[in-house]
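Asks: Test case, fold it:
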Amino acid sequence: MNQKLSGAQLVLVPITKLGENKFPWVENIRNRFIKFMDFYGANYLPGTDAQGLTDTDNMYVTITNAAGNTQIIRNLPLERLDYRKTLGIRQPIASRICMSDCSVICQNEDAIGTTAAFVFWYDLPDYSKANSTDLLVIDSVSVPLVTTIRYNQFPDIDRMTGKRFRRLLVSAQETTPDLYAGVTESQLENIYVTLRKGTYNVLENVPVMLLYQLAMIQKTEFANIIFDFQSSFLTIGGAGTIPNVQEEYVGKSVFFNFQYEK
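Replies: Sure thing, here's the model as predicted:
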């Protein structure tokens, strides 16, 4: 299967009871060819002050195909989707899915009241493109954190306008090349990236730690995606509930390296 990706979407599943907890309907996933999914175990998630699910013990996932007649994953232990344990070796889905028939099965009373976070990686051939050159550039950008809630905007960088990107990498640096103080690795766990092209979200609330990848055997590679810097942004999770977020995040910067076709 072609490993290259066109985009990704964060999906939050509230764990409200023992037994079956249904996935919400997410319009952006409809008719998408889903390649992989990751479980993301973070305390603070974007757009909610509910505590994130971090413990995968006695938690299972069931994924149903788009026709609703086949469970392509049935009761898979959640830890097998946990990016911290898979080292980037993901369980293929390779199917369109019926989100309303997918579920998290909870047999862990301590998980009730938390929210499970999943990232769905998909292929969208009419958006991405085949390789057009072997000449690649690795560039960098620092994204300042100026607000604790949303829309920490990417700087508008002329040299990257209109480029087709293959890899997006994030790292934790004490000081960035442009002399910003960097965020720590533990702070990266609570930061999410949305990349937009026009009104279309290429990546929507993807945890930046999934782009850290230093310990991943298989690295994430994109199919020459394109996005607009001026409408792309970072979000700090927790809806303002992270302790000391104002002092520990605002005024720092998240450092990215982007690989793109020259």
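
Asks: C-alpha from now on. contacts and neighbour counts both.
Replies: OK.

Asks: Spit out the contact partners of residue 68.
Replies: By CA atoms under 8 Å, 6 or more residues apart in numbering, residue 68 lies in contact with 97-98, 101.

Asks: repeat that for 10 Å
Replies: Applying CA atoms under 10 Å, 6 or more residues apart in numbering to residue 68 gives the contacts 97-102.

Asks: how about it, phi and psi?
Replies: Per-residue torsions, residue 68: phi 80, psi 10 (degrees, to the nearest 10).

Asks: how near is it to residue 24?
Replies: Distance of residue 68 to residue 24, given as CA to CA, to the nearest Å: 15 Å.

Asks: Could you check how far the helix or strand of the chain at the bottom of the mean pLDDT ranking is from the centre of its chain?
Replies: Across the helices and strands of the chain, mean pLDDT, DSSP states H and E gives its lowest value to helix 245-248, namely a mean of 88. Its chain's average C-alpha position is 23 Å from that of helix 245-248, according to CA atoms, centre = their mean, to the nearest Å.

Asks: Which helix or strand lies directly C-terminal to that helix?
Replies: For helix 245-248, the succeeding helix or strand toward the C-terminus, using DSSP states H and E, is strand 252-261.

Asks: in its sheet, what does the helix or strand where residue 76 lies sit against?
Replies: Using DSSP H and E, residue 76 sits in strand 71-77. With DSSP bridges as the test, strand 71-77 is paired with strand 59-64 (antiparallel).

Asks: could you dump the partner strand to CSV, C-alpha only?
Replies: Provided in CSV are the C-alpha atoms of strand 59-64 (Å, rounded to 0.1, in the frame of the first residue of the first chain):
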residue,chain,number,x,y,z
MET,A,59,-9.7,-0.3,26.2
TYR,A,60,-10.5,-1.6,22.7
VAL,A,61,-11.4,-0.2,19.3
THR,A,62,-13.8,-1.4,16.7
ILE,A,63,-13.8,0.2,13.1
THR,A,64,-16.5,-0.5,10.6
